[in-house]
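1. no FASTA, just this:
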């Protein structure tokens, strides 16, 4: 599942970084870039490479935030211990009560 989530983040970010690279450098000549009033002095390939990784990092952060915010309550609150392996006194083995609003504190393996 972790590998799948990583691909949900990395692959769209890679594609968008490539699109951003093409769009930005269709209008910007890397040889004409200036920093603090002076020429940057980097080769075109170095600017393209750095820009691609910056774009990829930014779009990965955006995709990661989207993936994090799209997690369901079940994914966040589920108990990692299978029901047949939980301790007998685990509160997850009991039905939530109406008086406590359904809140159940964790036990020794249940988060």
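-> Thanks, I have the structure now. Quantities reported herein were computed from a predicted structural model and do not represent experimental measurements.
2. identify the bridge partners of residue 38.
-> When assigned by DSSP bridges, residue 38 has beta-bridge partners residue 35.
3. pLDDT score assigned to it?
-> Residue 38 carries a pLDDT value of 90.
4. which SSE is the residue positioned nearest the centre of the chain in?
-> For the chain, the residue sitting closest to the mean C-alpha position, by Cα atoms, centre = their mean, is residue 64 at 1.7 Å. According to DSSP states H and E, residue 64 maps onto helix 44-69.
5. which strands and helices sit next to the strand or helix carrying residue 26?
-> In this structure, residue 26 sits in helix 2-27 according to DSSP H and E. Applying 3 or more Cβ pairs under 8 Å, 6 or more residues apart in numbering; DSSP states H and E, one finds that helix 2-27 contacts helix 44-69. Every C-beta, even on glycine, is put in place using the N, C-alpha and C of the backbone.
6. angle of the helix it packs on against helix 2-27?
-> With axes from the mean of the first three to the mean of the last three Cα atoms, to 10 degrees defining the directions, helix 44-69 sits at 140 degrees from helix 2-27.
7. any stretches of the protein with poor pLDDT?
-> Within the chain, the stretches with pLDDT under 70 are 91-111.
8. please redo it, this time with the cut-off set to 80
-> Within the chain, the segments meeting pLDDT under 80 span 1, 74-81, 83, 86-111.
9. measure residue 68 to residue 62 for me?
-> 11 Å (Cβ to Cβ, to the nearest Å).
10. ok, these two, which is more surrounded?
-> Legend: neighbour count by other Cβ atoms under 10 Å for residue 68 and residue 62, higher for residue 62 (14 against 11).
11. ok, back up a step: buried sites along the helix holding residue 26?
-> 9, 12, 13, 14, 16, 17, 20, 21 (16 or more other Cβ atoms under 10 Å).
12. distance between that helix and the chain's centre?
-> 13 Å (Cα atoms, centre = their mean, to the nearest Å).
13. going forward, the N-terminal residue is numbered 786.
-> Understood, numbering begins at 786; the last thing we discussed is helix 787-812.
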